[in-house]
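Visitor: Next come a sequence and a model predicted from it.
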Amino acid sequence: MKLFCATTNQAKLREFCLAAHRFAPGWLEVEPIAGLSDIAPPSETGSSFEENATEKALYYSFYSPGLLFADDSGIEVRALGGAPGVASARFAGPRADDASNNQLLLEKLQGVTDRTARFVCVIVLAERGRLIDTFRGEIEGQILHEPRGTNGFGYDPLFFYPPLACTLAELTSERKLEVSHRGLAFAKMIWRLSACRK
């Protein structure tokens with residue numbers, strides 16, 4: 001079974017492909033939409049991860065030859081009132097990279113003792129303009145004072161996960177999938193798809 005993915009983020013795409021291999025070996029393959037980079041993106045003006053993921057999934061489903069999923073994910077920091085939230089990827093500006101986003105987050109948390117944070121991922125499954133289902137994954141942790149680890153991407157080097165006593169960037173890709181927000185949301189989607197196969 002082929003499942004098409006609407007993301008231009010190559011790091012995310014690698015995680016989703018790995019998740020398909022890990023959670024649905026032998027029967028599910030994730031592929032990007034052909035020519036995705038040439039398709040004008042939707043506005044993503046939603047105020048929640050659910051709204052943005054739904055907008056993307058419905059929009060790109062018309063360009064997909066089959067079932068498609070899109071996600072919206074990011075980090076919510078309690079001391080910042082839930083920011084960066086849906087603006088996580090562009091926290092430091094519209095062309096921000098991971099390093100500048102991480103640096104801005106550290107600057108905003110200078111002198112802050114409550115560094116509680118949550119990673120959130122919402123995946124929406126759609127087909128030809130029809131919303132099929134929504135899947136949410138969350139993981140709780142703390143923001144460190146400096147990055148640790150070289151794996152992962154985004155805010156992974158700053159996100160300390162207490163149950164494993166390390167950052168997400170210190171985990172292997174396979175181990176991260178088992179505990180991360182994206183892995184949890186994807187696993188829920190796999191369960192839904194596998195139930196439909198029976």
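Guide: Cool, got the structure.
Visitor: This structure: helices as residue ranges?
Guide: Taking DSSP state H, the helices of the chain run over residues 10-23, 49-61, 98-108, 173-179, 181-197.
Visitor: State the mean pLDDT of the longest one.
Guide: The reference is to helix 181-197. The average pLDDT for helix 181-197 rounds to 90.
Visitor: now do the second one
Guide: Confidence over helix 49-61, taken as the mean pLDDT, stands at 97.
Visitor: quick one, that helix and helix 181-197 angle?
Guide: Helix 49-61 and helix 181-197 are oriented at 60 degrees to each other (axes from the mean of the first three to the mean of the last three C-alpha atoms, to 10 degrees).
Visitor: on that earlier part again, same list (the helices of the chain) but as TSV, adding distance to Asp71 and mean neighbour count.
Guide: Where C-beta positions appear, they are placed from N, C-alpha and C, glycine not excepted. Below are the helices of the chain laid out as TSV (distance: least, C-beta to C-beta, whole Å; neighbours: other C-beta atoms under 10 Å):
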stretch	distance to Asp71	mean neighbour count
helix 10-23	7	18
helix 49-61	6	22
helix 98-108	17	16
helix 173-179	14	17
helix 181-197	7	18
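Visitor: mind showing which ranges of this protein have poor pLDDT?
Guide: Applying pLDDT under 70 to the chain flags the ranges 197-198.
Visitor: how does it look with 80?
Guide: For the chain, the stretches flagged by pLDDT under 80 are 195-198.
Visitor: still on that earlier bit, need the helices of the chain in a markdown table (columns: distance to Gly85).
Guide: Shown next, in a markdown table, are the helices of the chain (distance: least, C-beta to C-beta, whole Å):
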| stretch | distance to Gly85 |
| --- | --- |
| helix 10-23 | 17 |
| helix 49-61 | 8 |
| helix 98-108 | 12 |
| helix 173-179 | 21 |
| helix 181-197 | 13 |
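Visitor: Determine which of those helices approaches Met1 most closely.
Guide: Between Met1 and the helices of the chain, the tightest spacing by C-beta to C-beta is seen for helix 181-197, at 7.4 Å.
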